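# Using only what follows, build the 3D model:
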Amino acid sequence: MAKRGYDVGAGDSSSALTATVLCCSCGMPMVPNQTMRCAQCLKSEVSIIDGISRQVALPHCRNCNRYNKPGWIHCELESRELLGICLKRIRGLGKDVRLVDASFIWTEEHSKRIRVKITVQKEVATSSVLQQTMVVEFQVVNQQCEECKKSFTPHTFNAIVQVRQAVPHRRTFCYLEQLILRHDAHEKVVSLKENREGLDFHFANRSHAQRFADFVASNVPSNMKNSKHLCSHDMNSNIYNYKYTILISLCPVCSDDIVHVPKGHSNSLSGAPELMLCFKISDAIRLLDPFTLRGYDIPAIEYWKRPLDPVISRDRLIEYIVLNVEPVEEEVQAGTPQKHSLAGRGKMEIADIEIARASDFGVNDNRHIVRSHLGKVLKPGNRALGYDLRACNVSGMSDTAVDTARSDIFLVKRFYKRRRGKRAWEMRRLDKEREEGVDVINDDADMEALHEDLEQDEELRKTVNMYKTAQKPAKEGATSAAAAAIAKPVPESDDEEDDQSPEVPLAELLEGLELGEE
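Alright, predicted model coming up:
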């Protein structure tokens with residue numbers, strides 16, 4: 001007969017004996033432990049959640065909708081990140097009291113209360129683990145973060161990058177704006193202000209401003225100057241607060257400009273002619289002699305040692321009609337031929353082109369034969385744009401440079417008649433703020449010129465983002481400011497659009513996201 005309190009296995013003397021005792025509080029059978037109490041009695045008499053905080057303050061910035069971790073981060077309601085922030089603010093959880101489970105309890109969104117249900121465990125005695133559940137309430141307290149505090153004070157930025165260019169147009173700024181959008185270089189910009197002289201980019205940190213300045217200098221030849229201004233200082237703690245300014249002066253030479261190279265400088269460029277055409281602007285200035293197809297690259301560092309100024313720009317372009325084109329064979333020089341790294345040389349060919357001014361066509365019989373690099377581009381009947389040195393004011397250079405020029409007319413590129421506003425693509429712009437007292441700056445004509453350059457230059461299109469857009473019929477009698485401004489230097493006739501006008505392939509366009517459409 002087995003004794004009371006023990007269960008003995010029958011028929012096997014080597015079987016294990018399971019010892020059971022009675023609880024000292026309620027008298028229920030249980031496995032013996034040091035407290036000699038069952039699990040229900042332990043829960044009623046012992047509490048492991050006494051040292052855990054039940055109400056916790058949770059700082060929240062309502063301007064930027066971020067929570068303090070510490071370290072302000074953005075979290076959605078009932079998200080995993082917000083749950084981690086809440087659990088770290090609960091006091092009493094540690095090695096003795098282990099967290100087992102945690103979950104949100106639904107509360108009204110505008111109540112400024114977040115309730116979290118947690119389950120904890122603690123070993124109250126040897127081989128005796130107690131588990132309990134409780135609810136912790138978090139009160140959302142409004143508190144401004146450091147970034148929002150600065151936004152409500154006049155010291156909103158710590159560094160500023162001022163981009164300037166001493167030219168009457170803004171084509172360079174329009175192209176630079178597209179480069180910034182493509183490479184997301186404006187990610188750290190606090191604010192962007194536009195004025196008559198250029199653009200001002202404000203940054204919160206000096207390192208962000210320096211990185212942006214390096215990005216601009218890597219794409220456009222520029223000269224950079226750094227300065228700083230003392231705002232405040234504490235002599236006791238030896239703390240000084242500065243505002244840093246980076247002035248970037250962009251190269252005044254733009255594509256399709258006629259550049260005058262002084263005689264002393266031309267000798268350093270292997271006998272380059274004094275008048276040359278700026279073919280392209282990138283990290284260097286690429287000059288072209290349209291009469292010999294010789295190219296000269298001037299790096300930004302060398303350019304600012306001996307600056308070159310443009311003598312004629314795009315606003316002096318004149319429209320010509322091509323009457324005849326005769327290719328000219330290149331002269332073969334003795335010895336090893338000189339190599340010139342001229343981008344796009346395969347699309348050029350020297351030719352003698354007979355032209356007549358479009359305004360004089362049908363009025364008089366004045367014709368000119370010009371040697372140009374557009375032998376592969378122009379055909380009889382096409383229209384071209386060029387400069388006439390006899391009709392332009394080329395002050396700032398010697399008369400001998402004009403007299404010794406190989407031709408009085410420089411053809412620049414082919415001209416396509418186009419009815420503007422029919423493009424199936426568009427380009428995005430940066431959000432800019434205007435300074436007080438500054439009128440709206442109209443750069444539609446410069447954007448129109450950039451659009452035409454993108455249509456004609458395949459290599460240039462690879463550097464920017466263009467987005468598809470639905471064509472909308474233009475209202476009758478409506479004339480855009482871009483069309484009126486761009487037509488000023490080159491009068492536009494009422495003829496139909498050229499059939500050979502270049503178009504941007506649809507494969508090169510990106511899908512644009514349009515919101516708010518019905």
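# distance of R316 from E452?
Using CB to CB, to the nearest Å, R316 is found at 17 Å from E452. (C-beta placed from N, C-alpha, C; glycine too.)
# I misspoke; the intended subject was G346.
Distance of G346 to E452, given as CB to CB: 22 Å.
# the more surrounded of these two?
Ranked by neighbour count (other CB atoms under 10 Å), G346 and E452 place E452 first, with 18 against 8.
# tell me which element that one falls in.
E452 is part of helix 444-456 when elements are defined by DSSP states H and E.
# next one: the very next helix or strand once past that helix to chain centre, how far?
Using DSSP H and E, the helix or strand that follows helix 444-456 towards the C-terminus is helix 458-461. Mean C-alpha position of helix 458-461 versus that of the full chain (CA atoms, centre = their mean, to the nearest Å) differs by 19 Å.
# With stretch 269-280 instead?
The chain centre lies 34 Å from the centre of stretch 269-280; the measure is CA atoms, centre = their mean.
# Can you give me the buried ones in it?
Neighbour-count burial for stretch 269-280, with 16 or more other CB atoms under 10 Å as criterion, is recorded at 269, 272-280.
# Closest to the centroid, which residue in this protein?
Residue closest to the mean C-alpha point of the chain, counted by CA atoms, centre = their mean, is D184 at 2.5 Å.
# And the strands in the stretch 401-518 of the chain?
409-415, 425-426, 433-434, 467-468 (DSSP state E, counting those that start in this stretch).
# so which of these comes closest to I105?
Checking the strands of the stretch 401-518 of the chain against I105 by CB to CB gives strand 433-434 as the closest, at 44.6 Å.
# Which elements pack onto the closest one?
Counting contacts by 3 or more CB pairs under 8 Å, 6 or more residues apart in numbering; DSSP states H and E, strand 433-434 is packed against strand 189-194.
# following the strand it packs on, which helix or strand comes up?
Sequence-wise, the next helix or strand downstream of strand 189-194 (DSSP H and E) is strand 198-203.
# what does that next one contact?
Contacts of strand 198-203 with the rest of the structure, by CB atoms under 8 Å, 6 or more residues apart in numbering, involve 156-165, 173, 186, 188-194, 209, 212, 432.
# Now, of those residues, which are buried?
The neighbour-count criterion (16+ other CB under 10 Å) marks 157-165, 173, 188-190, 192-194, 209, 212 among the contacts of strand 198-203 as buried.
# In the sheet, which strands lie alongside the longest strand seen in the chain, parallel or antiparallel?
Taking DSSP state E as the criterion, the chain has its longest strand at strand 128-142. Using DSSP bridges, the strands paired with strand 128-142 are strand 55-61 (parallel), strand 113-125 (antiparallel).
# Of the ones you listed, which is nearest N465?
N465 lies closest, by CB to CB, to one member of the strands paired with strand 128-142: strand 55-61, at 33.1 Å.
# What residues sit buried inside the closest one?
Under the neighbour-count criterion of 16+ other CB under 10 Å, strand 55-61 has 58-61 buried.
# Which neighbouring elements make contact with the helix or strand following it?
Next helix or strand after strand 55-61 toward the C-terminus (DSSP H and E): strand 66-68. In terms of contacts (3+ CB pairs under 8 Å, 6+ apart), strand 66-68 is packed against strand 55-61, strand 72-74, helix 80-88.
# closest to M235 out of the ones you listed?
Nearest to M235, of the helices and strands packed on strand 66-68 and by CB to CB, is strand 72-74 at 31.2 Å.
# Mind listing what's buried along that closest one?
Using 16+ other CB under 10 Å as the test for burial, strand 72-74 gives W72.
# who's in contact with it?
Strand 72-74 is contacted from outside by 61, 64-67, 81, 85, 145-147, using CB under 8 Å, 6+ apart.
# circling back: which one among the buried residues of strand 55-61 gets closest to R115?
Nearest to R115 among these, counting by CB to CB, is L58 at 11.5 Å.
# Give me the neighbour count for the nearest residue to the closest one once chain neighbours are set aside.
Using CB to CB, 6 or more residues apart in numbering and skipping residues adjacent in sequence, the residue nearest L58 is F138, 4.4 Å away. By other CB under 10 Å, 21 other residues sit near F138.
# picking that back up, farthest pair within the buried residues of stretch 269-280?
Within the buried residues of stretch 269-280, two members stand farthest from each other by CB to CB: E274 and K280, at 20.1 Å.
# Go ahead and confirm Y387 touches E319.
No - using CB atoms under 8 Å, Y387 is not in contact with E319; the gap is 11.6 Å.
# These two - which one has more neighbours?
Taking other CB under 10 Å, Y387 and E319 do not tie; Y387 has more neighbours (25 against 20).
# Is the more buried one bridged to anything, and to what?
Assessed by DSSP bridges, Y387 has beta-bridge partners F410.
# ok, N219 to V464 distance?
Going from N219 to V464 by CB to CB gives 11 Å.
# what residues are shared contacts of those two?
Common neighbours of N219 and V464 are listed as L179 (criterion: CB under 8 Å, 6+ apart).
# what's near enough to touch the nearest residue to L323 once chain neighbours are set aside?
Setting aside the residues directly before and after it, L323 is nearest to E354 in space (CB to CB, 6+ apart), at 4.4 Å. Neighbouring residues of E354 by CB under 8 Å, 6+ apart: 322-325, 367-370.
# List only buried entries from the residues you listed.
Among the contacts of E354, the ones that count as buried by 16+ other CB under 10 Å are 322, 325, 368, 370.
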